[in-house]
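[1] Okay, here's the prediction I keep looking at, along with the sequence it came from:
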Amino acid sequence: MEGALVSPKELERFRTELETRYGIEEEVTDEETRREGSYVVYQRTSRWTRSKAPILMQWTTDSEGKIAGFFVREISFPAESRFLDYDTKASLRLPFDGEWFVFWGGRSYGQNYHVADRAQRFALDLVVRKNGSTRDGPAGNLTSYHCWNRPVLAPADGRVASLVSDLPDQEIGRSDLRNPAGNHVVLDLGNDEYAFLAHMQQDSIEVAAGDQVAAGQMIGRCGNSGNTTEPHLHFHMQTTPNLADGEGLPAFFEDYRADGNTVMRGQPLRGETVEQQ
């Protein structure tokens, strides 16, 4: 997700670190500016003298023009996939009710850093935003985040293939790299399609392995367990129930709204606000 820079001094220090690691920026290959609620997001891809891979850089300013977030990373090229033209067999609904914001989603690196991962090639990270922010209280309080404790729903009819429910929710600023999915549920949707719903709240999962679930049934609550920087819901589909050896599958959802427009069947994209009809 995004980390805040609190002073120009820290920004200058960060710039020095960038130049030490990547060299000097020599060519901007792509750039865009967009508004997300009350924030303005500037993003660009460029080539640097010490990096073989392109560098993706993004910074966000608030309504007062102050820096609210900044990140930079080397672009890992999208993982090869046999499923770029795959059409989801399961009938999918969004795994929540109400409006959620697509923080990462799409097929390009600029839209979705997950594309570099073979299993998570088409993954989504989803948060709830109000007035352009994911929280309305202190950043260190998990309960400040709008999506915290929100119900997570089954995206389709299926069977619970596996789950983890007892991992602690991480404090903001900490991450559990040994258990990247945190508390999660894997659903077998049939036809070798498996849905992963991750980072749920400790002890919130309401289903058991082997249970049959119906689309829209509550399976747990949004939390902050696993490899995460703030509460959010991670969703992706793949060919196996094992995160380590699956191949990612596109997930086409049905009958939802994106930025107020009806989508009969589609894939949510970064920057969209989506809601099940």
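    Alright, I've got the coordinates.
[2] ok so residue 15 is a helix residue?
    Yes: applying DSSP: H, G, I helix; E, B strand; the rest coil, one finds residue 15 inside a helix.
[3] Could you tell me how many residues sit around it?
    By other CB atoms under 10 Å, 11 other residues sit near residue 15. From N, CA and C alone the C-beta is placed, and that goes for glycine too.
[4] Looking at it now. What's its pLDDT?
    pLDDT recorded at residue 15 is 78.
[5] quick one: it and residue 9, what's the gap?
    11 Å (CB to CB, to the nearest Å).
[6] Kindly report the same for residue 59.
    16 Å.
[7] and what of residue 260?
    41 Å.
[8] Repeat that for residue 275.
    Using CB to CB, residue 275 is found at 41 Å from residue 9.
[9] what's the answer for residue 49, then?
    25 Å.
[10] same check, this time on residue 267
    41 Å.
[11] If we go by neighbour counts, what in the worst-scoring helix or strand of the chain on mean pLDDT is buried?
    Here the helix or strand of the chain ranked lowest by mean pLDDT, DSSP states H and E is strand 67-74, holding a mean of 75. Across strand 67-74, burial judged by 16 or more other CB atoms under 10 Å covers 67, 68, 69, 70, 72.
[12] Closest one of those residues to residue 214?
    For the buried residues of strand 67-74, the residue nearest residue 214 by CB to CB is residue 69; the value is 38.3 Å.
[13] I figured that closest one was touching residue 62, is that so?
    No: contact criterion CB atoms under 8 Å: residue 69 and residue 62 do not qualify, at 9.2 Å.
[14] what sits against the closest residue to residue 176 other than its chain neighbours?
    Once flanking residues are discounted, residue 176 sits nearest to residue 226: 5.3 Å by CB to CB, 6 or more residues apart in numbering. Counting by CB atoms under 8 Å, 6 or more residues apart in numbering, residue 226 touches 167, 170, 175, 176, 179, 180, 181, 182, 183, 184, 198, 199.
[15] Nearest to residue 20 among those residues?
    Residue 20 lies nearest to residue 175 out of the contacts of residue 226, by CB to CB, at 24.4 Å.
[16] give me every residue that touches the closest one.
    Taking CB under 8 Å, 6+ apart, we find residue 175 in contact with 226, 227, 228, 229.
[17] cool, and residue 177?
    residue 227.
[18] before we move on, the earlier item: helices or strands up against the least confident helix or strand of the chain?
    helix 8-22, strand 55-61 (3 or more CB pairs under 8 Å, 6 or more residues apart in numbering; DSSP states H and E).
[19] angle of the very next helix or strand once past the longest one against strand 55-61?
    Later in the chain than helix 8-22, the nearest helix or strand by DSSP states H and E is strand 25-36. Using axes from the mean of the first three to the mean of the last three CA atoms, to 10 degrees, the interaxial angle of strand 25-36 with respect to strand 55-61 works out to 40 degrees.
[20] Name every strand pairing with strand 25-36 and say which way it goes.
    strand 39-48 (antiparallel) (DSSP bridges).
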